[in-house]
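**Q** Sequence below, structure please.
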Amino acid sequence: MKKNKWFYACLGAMAFGMFAFLSVSCSDDDKDEKPEEGEVVVTPEPETEYYILGTVTEAGKGLSGIEVKVNAETVRTDADGKFTVTGKAAGTYAIEAAPAGYLPQKTNVEIAAGAENRSVVTVALALTKKSEPVKVEPDKEVIVEDNSATNEEIVPPGETEPDKVVEDAPVTKAEVVIPAGALPKSGTGINEDGSANVSVTNFVPAPKEVSTKVDASEENKEVEKSTPLAAVQFEPSGLTFEKPITMAVANPIPGVTFAAGDMLLTYLNPDNGQWEATDNSVVYNAETDKYEAPIYHFSSYAMESAVKNTVSGVRVIKDEVLGEDSRDNTKNAKALTDIVLKYTEKSGWDYEGNLVETVKAALPGASTVTVNAMVAYVKTRMFAVMGSLSGVTSTERVYNTVNVNGYTQMNYVCYAKVRTTVLKIDVMYNRQPVTISVSAKRYTGADHQYTTVTYNPGHSGGQGTTN
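**A** Alright, predicted model coming up:
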């Protein structure tokens, strides 16, 4: 009997203990508070901006204080000849510089529809002082040459070291041969005594257009273009001759010539402001080592040589990190605010590989003078194709000012975006056709990767939303 009483007593004690434990447990659960709601502070979208970085030079040196008209806006170049325009919308930006005493230069920059935010375009305008006129008598043959103060220091390209080449200066000079009897008796540009005041100014034309866009049909495809071997403004513009006169351009590369089919004479049509091809043939004169073409009236002319150009699609280079930041706010309900995300923008372009060695390999046995001249020619062709000077510029930019909500992880990384341009130039060397191929990498903008992940604090390790 005592054993049964003891058994029931123990059983009762156990039941009472279990009841007490459950009561305490339930009481503790009832006292648990729900996690504090995570604070939400909305982050605005990044501002839409496009950047035009320009340079104005004379004989390869930056010109300060030059007024540059960009659509209806006017900006001035800084001490290094640079100017910056921040565009808020896609479209065409007409750019012009026309200081007194210089030949005017203008071009268009196109921010194509659909261009990625923060795209960047580089462009250059090379200014040239006008030559002084020379009096030409109607009954005498006269050779008129360039006497522009800007071009006084132009030396044969073979005498220039490769690292001293001025990419936006003429690589050679042109002259005009006016035979006796070529001047008309009267008309535009003719003085009372039958003479004419003629000037010849060599210059480097601004690119027709620089664009963020490359047509998908042209990506990774070889496209033929022509670039000016020499461009000249003849004055007085509109002067028409009784017989053809001769534009002559010195061959800039000793021992190297261009095939006749690769040369073209264009002129600037004063009626529409566009460069147009003429039917006038360009012929190489081996006796004078000059390229010659007949012209019949004065305007701006360019003796152009053909090149082949291939542009790749845009690539994101993940080895080139331009900026990065992160915030771990997953343990806190309160938001982190006003975090400035910065990156270092890269703009411009530069050569891939060793240009001098590329030329030497293409022209085996060539003299130093020939190699130097060919390098200078290639560099001036690349300037014409790319629309700006070589070199890469770094600029500090702000991508956005963001807020990191409560219980949220934020990550930001920015990569460089580039295109590759391959330029092929066909020449005759030792009477054999030779192709010189060079490539350059152009920075086009930045690839911004911004993500946030919000966690549910009520579930250990639980993941919520991702932006």
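
**Q** Around the nearest residue to P270 once chain neighbours are set aside, how many other residues sit close by?
**A** Computed as C-beta to C-beta, 6 or more residues apart in numbering, the closest residue to P270 that is not its neighbour in sequence is S299, at 6.2 Å. Using the backbone N, CA and C atoms, a C-beta is placed for each residue, glycine as well. Burial measure for S299: 16 neighbouring residues, criterion other C-beta atoms under 10 Å.

**Q** and if you look at D271?
**A** Counted with other C-beta under 10 Å, D271 comes out at 6.

**Q** separation between it and S237?
**A** Noted for D271: a distance of 12 Å to S237, by C-beta to C-beta, to the nearest Å.

**Q** what's the residue closest to the geometric middle of this structure?
**A** T122 (3.6 Å; C-alpha atoms, centre = their mean).

**Q** quick one, what contacts the spatially closest residue to D262 that is not a sequence neighbour?
**A** Once flanking residues are discounted, D262 sits nearest to A306: 4.2 Å by C-beta to C-beta, 6+ apart. Neighbour list for A306: 224-226, 258, 261-264, 426 [criterion: C-beta atoms under 8 Å, 6 or more residues apart in numbering].

**Q** The host helix or strand of A306 - what's its average pLDDT?
**A** Assigned by DSSP states H and E, A306 belongs to strand 300-311. Mean pLDDT, computed over strand 300-311, is 95.

**Q** ditto for stretch 130-149
**A** 96.

**Q** Closest to A94 out of the contacts of A306?
**A** K225 (22.0 Å; C-beta to C-beta).

**Q** From K213, how far out is the closest residue to E36 other than its chain neighbours?
**A** Closest residue to E36 apart from its sequence neighbours, by C-beta to C-beta, 6+ apart: A333 at 4.2 Å. From A333 across to K213, the span is 47 Å (C-beta to C-beta).

**Q** number of nearby residues for I143?
**A** 13.

**Q** Start the count at 16 instead of 1 going forward.
**A** Done: numbering now begins at 16, and the last item shifts to I158.

**Q** How about the contacts made by it?
**A** By C-beta under 8 Å, 6+ apart, the neighbours of I158 are 190-193.

**Q** ranges for the helices of the stretch 66-215 of the chain?
**A** Using DSSP state H, counting those that start in this stretch, no helices are found in the stretch 66-215 of the chain.

**Q** Low-confidence ranges, it, go.
**A** Of all residues in the stretch 66-215 of the chain, none has pLDDT under 70.

**Q** The residue nearest to E51 contacts P472, correct?
**A** Yes. Counting by C-beta atoms under 8 Å, P472 is a contact partner of A348 at 7.4 Å.

**Q** of these two, who's got more company?
**A** Neighbours per residue (other C-beta under 10 Å) separate A348 from P472, with P472 holding more: 19 against 14.

**Q** residue contacts, T416?
**A** 59, 353-356.

**Q** tell me which element R396 falls in.
**A** helix 383-401.

**Q** quick check: angle from that helix to strand 315-326?
**A** Here the directions of helix 383-401 and strand 315-326 differ by 80 degrees (axes from the mean of the first three to the mean of the last three C-alpha atoms, to 10 degrees).

**Q** Starting from the longest strand seen in the chain, tell me which strands it pairs with and how they run.
**A** When the chain is parsed with DSSP state E, its longest strand is strand 447-470. Applying DSSP bridges, strand 447-470 is found paired with strand 351-367 (antiparallel), strand 423-444 (antiparallel), strand 478-481 (antiparallel).

**Q** what's the spacing between the longest one and its chain's center?
**A** Computed by C-alpha atoms, centre = their mean, to the nearest Å, the separation of strand 423-444 from the middle of its chain amounts to 11 Å.

**Q** isn't K188 right next to P267, touching?
**A** No. Counting by C-beta under 8 Å, K188 does not reach P267; the two are 9.2 Å apart.

**Q** more crowded one of the two?
**A** Ranked by neighbour count (other C-beta under 10 Å), K188 and P267 place P267 first, with 22 against 19.

**Q** wait, is that one part of a strand?
**A** No. Counting by DSSP: H, G, I helix; E, B strand; the rest coil, P267 is located in no strand; its state is coil.

**Q** rewinding a little: contacting residues around the closest residue to the residue nearest to the centre of the chain other than its chain neighbours?
**A** Spatial nearest neighbour of T137, chain neighbours left out: S403 (4.0 Å); criterion: C-beta to C-beta, 6+ apart. Contact partners of S403, counting by C-beta under 8 Å, 6+ apart, are 70, 137-139, 225, 363-364.
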